[in-house]
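1. 3D model of this:
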Amino acid sequence: MPSIEIACLDLQIPARPRRTSFELVYEAGLKSHRFPSRFQSHFDNFTGCLYHIGNPNLSEASAFFAYDVLSVASQDCDSNFFEFSDAHATDGRYVLDLLLSQSPSKSIIFTTDWQFGPEHTLYFELRSLQEFWRLHDSRKLILNAAYTIRYGALGDDTFESTVE
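-> Numbers count the residues shown, from 1 in each chain. Prediction:
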């Protein structure tokens, strides 16, 4: 099952978002709910608050998966790309906008982890939220990846990746 976690870097007290179409759990600190976590060792290099996106109607106490938040095409783990469903894309945009604006360092890390998906773990540095959404809308965001998004220049089409 896929999970989505977003680290809002350097934020000490979680920002409280409005109600969203998906479940959203958040807390101070960067402790992944996923075990084992692909990204915990990466999160350990930072401070901030962690936000977990989950299926609608999941409780905080239940297993936290985001399968129903994905588009039908993205739910096929063989597709290897991440895409919000139409029903959740607007709230996905809202949450990322909010967290980027609340981060004192104007940086967030968006992660996707699909336990039965690709074996790789990739890390990308993006220069803007607009670049993230351009990649999303063209189905170029991949599963089992961390995307560091920084408030930056619009229209910058380059990004770098590292494989771990």
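2. next SSE after the helix or strand residue 132 falls within?
-> Per DSSP states H and E: residue 132 is located in helix 129-137. Sequence-wise, the next helix or strand downstream of helix 129-137 (DSSP H and E) is strand 145-150.
3. which residues touch the helix of greatest length in the chain?
-> The longest helix of the chain (DSSP state H) is helix 86-102. If you take Cβ atoms under 8 Å, 6 or more residues apart in numbering as the criterion, helix 86-102 is touched by 6, 8, 11, 15, 17-18, 20-22, 24, 51, 53, 69, 71, 84, 106-108, 110, 129, 132-133, 149, 151. (C-beta placed from N, C-alpha, C; glycine too.)
4. quick one: the strands in this structure?
-> 2-9, 23-28, 48-54, 107-114, 122-126, 145-150, 160-163 (DSSP state E).
5. for the residue lying closest to residue 21 once chain neighbours are set aside, the count of nearby residues, please.
-> With Cβ to Cβ, 6 or more residues apart in numbering as the criterion, residue 21 has its nearest non-adjacent residue at 4.7 Å, and that residue is residue 91. Residues contacting residue 91 under the criterion other Cβ atoms under 10 Å number 19.
6. got it, and the one 10 residues further on?
-> The number of residues packed around residue 101, counting by other Cβ under 10 Å, is 13.
7. report the central residue of the chain.
-> residue 110 (2.9 Å; Cα atoms, centre = their mean).
8. list the residues that contact it.
-> Neighbours of residue 110 in contact, by Cβ under 8 Å, 6+ apart: 4, 6, 96, 132, 146, 147, 149.
9. go again using 10 Å as the cut-off
-> 4-7, 51, 53, 82, 92, 95-96, 99-100, 124, 126, 129, 132, 136, 141, 145-149 (Cβ atoms under 10 Å, 6 or more residues apart in numbering).
10. and the buried ones among these, selectable in PyMOL?
-> Here is the PyMOL command that picks out the buried ones among the contacts of residue 110, judged by 16 or more other Cβ atoms under 10 Å:
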select buried, resi 4+5+6+7+51+53+82+92+95+96+99+100+124+126+129+132+136+141+145+146+147+148+149
